[in-house]
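Q: The sequence isn't on hand, but the structure is:
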């Protein structure tokens, strides 16, 4: 409230004037394409044919007749789960450990952040080599050297392991970034609160659940929303590593939509899938806000 | 805010309506000899060929020669060698009605729609008007034709696909060159038990594995099978379809392809063969420089040979009929075709074959002799000589035949079938229903 009270009336108008260009840009770059997709989703159109209005036929096909769509949807949820565990869970653990470290914090922070600045294509190629069986890649060599040779497999060609194998690089890549955000939040937890709790005999776990975590909850909500929306629109690493294969084992909604639009030139149906992705993201963010808000109120 | 929404919606509708209008206007695809003055300008060729390959280098040189007599002329070559990316680019430009003067495409269902809309110049008429139609190899032109025999694309290459093999490895496993396609599964089992990878295949790019699905039907039912299959008139549950499905499942069971092939790329597969790990490798004459010259690993150089696609018992196609593609073709945009484009094509297409054959490759025409490079092994000449005795039929790669959705699904299901994740019956059912769902939109 403070800033508005400090501004005289005329400045408030000028704030609005300055807010308008970004708003217009947002409408042109985000809202307009979404509306256009919504519009296209009622048509059958391959780019060069005449557009044919088909009503809800694309939606009916998506929900009732398309087995690949459902497979891709389930895969996307699993991909999201793996990414979230690695990114948020990993980030929280590393950040907590960092706060108790006395020396070398900066070095470790930088090392963890490094993958986030490597290009996606390089990461994809790197992991294709790591997972390879012929010639033997890093992962299989490692398994062999610790006596788990029976677990050796072509990780990207095995339908049972491929989804986890393509999710891991994405999770690994951004763990450092979220670690940095959560670490900053943890630093802001008042020391005297923690010390008082320790004097009262609180264990490390109680300290974490009763003091630290409630304190960083707003930051936690933001990072969860960020990680979830990034996870739901994950595309590049699975697309580059396996192109959705073998079969549809690592097909995500995003890669399926992309192929439907640009390989099958079925722009109408691809728009239907993209509308579903938008709704899915909105629902996910709503759910996170609802769950985490309710917890903090309780 | 409400008004803004409304404005955006109106803009969306208008933008779409405009593109729809733009794509509807018909142009003449048969006027191959436009009249008027030649006004030199810059023209573009959107292509999908290796950036430093023979086709691009020669066309660049020819364009420079042409520009000497026609100041102001320039040929702008825009290449996207990665085929899937190229196809997306082409389809997007076609959707926006912004195709350049010249563009590459295979004889796909999408290209056929472009031709039907009058967006491409009639290639047969064009070549006949230029007086060079009869110089082309019939097979090179046939590869570019649509099912109805119409020709809209001009070939710039001619390739033959063989199965290359390592004599020493076959000997070590005690197996001979297969007489029939049906011999291959047993051959793989023998090679595997000798500790040899039977076949190296590039699984990442998907088309190499897709070649294998075309072989049995081509022998069993001839080139018509895929033409019927793609329209839903033939099925994978038919005898020829069943034969290929079961054969592929057997190849998988015999572990014919290297472990984890689906994640291995073009050079991975080639390295396995040229390093003497894999016994067989299915690839075309475009790899002659790496397989039949002194660039090939000396350790395997004397052991490499090739055989052409084996026949089968009761085969309806002959041993000298196999996959002989003339590569992606060049289409001429009917809308931008004018005296300049016509004159340049006349100039370039007449000079191209001699220049091309001089680089050691097969020309799509028969009027020139290929120069065998100085560093070639005897296998080079042997491979080129196969082009002299070809039958009248050829096996078409299925990725140029099927509608794109069916093609994508087939590529995915093939991997599952060969890996043994699905049964031949599941494969046939999935593919037949995919074709039934998608083919009608493309083959009206």
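A: Structure's in. What do you need? Predicted, not measured: the structure shown is a model, and the values here were computed from it.
Q: going forward, measure contacts and count neighbours with C-alpha atoms only.
A: OK.
Q: residue contacts, residue 152?
A: Answering for chain A, as no chain was given. A:133, A:140, A:143-144 (C-alpha atoms under 8 Å, 6 or more residues apart in numbering or on different chains).
Q: Correction: the question concerned chain B.
A: Going by C-alpha under 8 Å, 6+ apart, residue B:152 touches B:115, B:120-124, B:144-145, B:331-332.
Q: right, and out of these, which lies closest to chain A?
A: Distances from chain A to the contacts of residue B:152, taken as C-alpha to the nearest C-alpha, are shortest for residue B:115 (11.1 Å).
Q: Buried residues in the helix or strand where that closest one lies, which are they?
A: Take DSSP states H and E as the rule and residue B:115 turns out to sit in helix B:109-116. Going by neighbour count (16 or more other C-alpha atoms under 10 Å in any protein chain shown), the buried part of helix B:109-116 is B:109-115.
Q: so how many other residues sit close to whichever residue of the stretch 1-150 of chain A sits closest to chain B?
A: The nearest approach of the stretch 1-150 of chain A to chain B comes at residue A:47, 4.3 Å away (C-alpha to the nearest C-alpha). By the criterion of other C-alpha atoms under 10 Å in any protein chain shown, residue A:47 has 24 neighbours.
Q: Out of the contacts of residue A:152, flag the one nearest to residue B:318.
A: Residue B:318 has its nearest neighbour among the contacts of residue A:152 in residue A:133, at 39.0 Å by C-alpha to C-alpha.
Q: The closest one - nearest residue in space that isn't next to it in sequence?
A: Of all residues not flanking residue A:133 in the chain, residue A:154 sits nearest, at 4.9 Å (C-alpha to C-alpha, 6 or more residues apart in numbering or on different chains).
Q: Need the contact partners of the helix or strand harbouring residue B:341.
A: Assigned by DSSP H and E, residue B:341 belongs to helix B:339-357. Contact with helix B:339-357 is made by B:32-40, B:43, B:54-55, B:58-59, B:62-63, B:66, B:101, B:130, B:132, B:362-365, B:367-371, as judged by C-alpha under 8 Å, 6+ apart.
Q: so what's residue 146 scoring on pLDDT?
A: As the question left the chain open, I've gone with chain A. Looking at residue A:146, its pLDDT stands at 92.
Q: was after chain B, sorry
A: 93.
Q: okay, now it: neighbour count?
A: For residue B:146, using other C-alpha under 10 Å, the count is 19.
Q: Counting neighbours, which bits of the longest helix anywhere in chain A end up buried?
A: Longest helix of chain A, by residue count under DSSP state H: helix A:267-297. The neighbour-count criterion (16+ other C-alpha under 10 Å) identifies A:267-277, A:281, A:284-285, A:288-289 as the buried residues of helix A:267-297.
Q: and that helix, does that touch chain B?
A: No: Helix A:267-297 stays out of contact with chain B when judged by C-alpha under 8 Å from any C-alpha of the partner chain, the minimum separation being 10.3 Å.
Q: tell me the average confidence for that helix?
A: Here the average pLDDT along helix A:267-297 is 88.
Q: Do a quick rundown of the helices in the stretch 201-350 of chain B.
A: Along the stretch 201-350 of chain B, the stretches classed as helices by DSSP state H, counting those that start in this stretch are B:207-221, B:224-229, B:239-253, B:266-274, B:288-291, B:298-301, B:339-357.
Q: Is there proximity between the first one and chain A?
A: To tie it back to what came earlier, the one meant is helix B:207-221. No: with C-alpha under 8 Å from any C-alpha as the criterion, chain A is not reached by helix B:207-221; the gap is at least 12.6 Å.
Q: Show me what that helix is packed against.
A: With contacts defined as 3 or more C-alpha pairs under 8 Å, 6 or more residues apart in numbering or on different chains; DSSP states H and E, the packing partners of helix B:207-221 are helix B:224-229, helix B:239-253, helix B:404-418.
Q: Which one of those helices lies nearest to chain A?
A: helix B:404-418 (4.1 Å).
Q: Could you show which parts of chain A are in contact with chain B?
A: Going by C-alpha under 8 Å from any C-alpha, the residues of chain A near chain B are A:32, A:35-36, A:39, A:46-51, A:128, A:132-134, A:154-158, A:241-242, A:245-248, A:260, A:262-265.
Q: And the helix holding residue B:115, how far out from the chain middle?
A: Relative to its chain's centre, helix B:109-116 lies at 17 Å (C-alpha atoms, centre = their mean, to the nearest Å).
Q: what mean pLDDT does it have?
A: 91.
Q: Also stretch A:162-181?
A: Rounded mean pLDDT across stretch A:162-181 is 93.
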